[in-house]
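1. Whatever this is, show me its structure:
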Amino acid sequence: MKNISRIVFFVVVAIIVGGVAFLATWDIPSHLNIKEEVLPDDRFPR
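-> Prediction:
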């Protein structure tokens, strides 16, 4: 039983380390749609 729990522990640690490495090296694409909107001054309180 001790051997099985040790294997499960190392598998969980390997999954966590792999997930962190994947997120650290993942090249997430940025949004290409740039939207600019001019807001009138009337919308902001003085």
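2. for the chain, what are the low-confidence residue spans?
-> In the prediction, the chain carries no residues with pLDDT under 70.
3. ok, which stretches of the chain are helices?
-> Assigned by DSSP state H, the chain shows helices spanning 2-25.
4. which residue ends up closest to the midpoint of it in space?
-> Leu23 (6.2 Å; C-alpha atoms, centre = their mean).
5. Contacts made by stretch 14-24 with the rest, please.
-> For stretch 14-24, there are no external contacting residues (C-beta atoms under 8 Å, 6 or more residues apart in numbering). (C-beta placed from N, C-alpha, C; glycine too.)
6. so how far is that stretch from its chain's centroid?
-> Counting by C-alpha atoms, centre = their mean, to the nearest Å, stretch 14-24 is centred 11 Å from the centre of its parent chain.
7. Dump it to CSV, keeping only the CA atoms.
-> Taking Å, rounded to 0.1, in the frame of the first residue of the first chain, the C-alpha atoms of stretch 14-24 are listed here in CSV:
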residue,chain,number,x,y,z
ALA,A,14,4.3,15.1,-12.5
ILE,A,15,0.9,16.3,-13.7
ILE,A,16,1.2,19.5,-11.8
VAL,A,17,4.7,20.2,-12.9
GLY,A,18,3.7,19.4,-16.5
GLY,A,19,0.8,21.7,-16.3
VAL,A,20,2.9,24.6,-15.0
ALA,A,21,5.5,24.0,-17.7
PHE,A,22,2.8,24.0,-20.4
LEU,A,23,1.3,27.2,-19.2
ALA,A,24,4.7,28.9,-18.8
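8. Sounds good, over and out.
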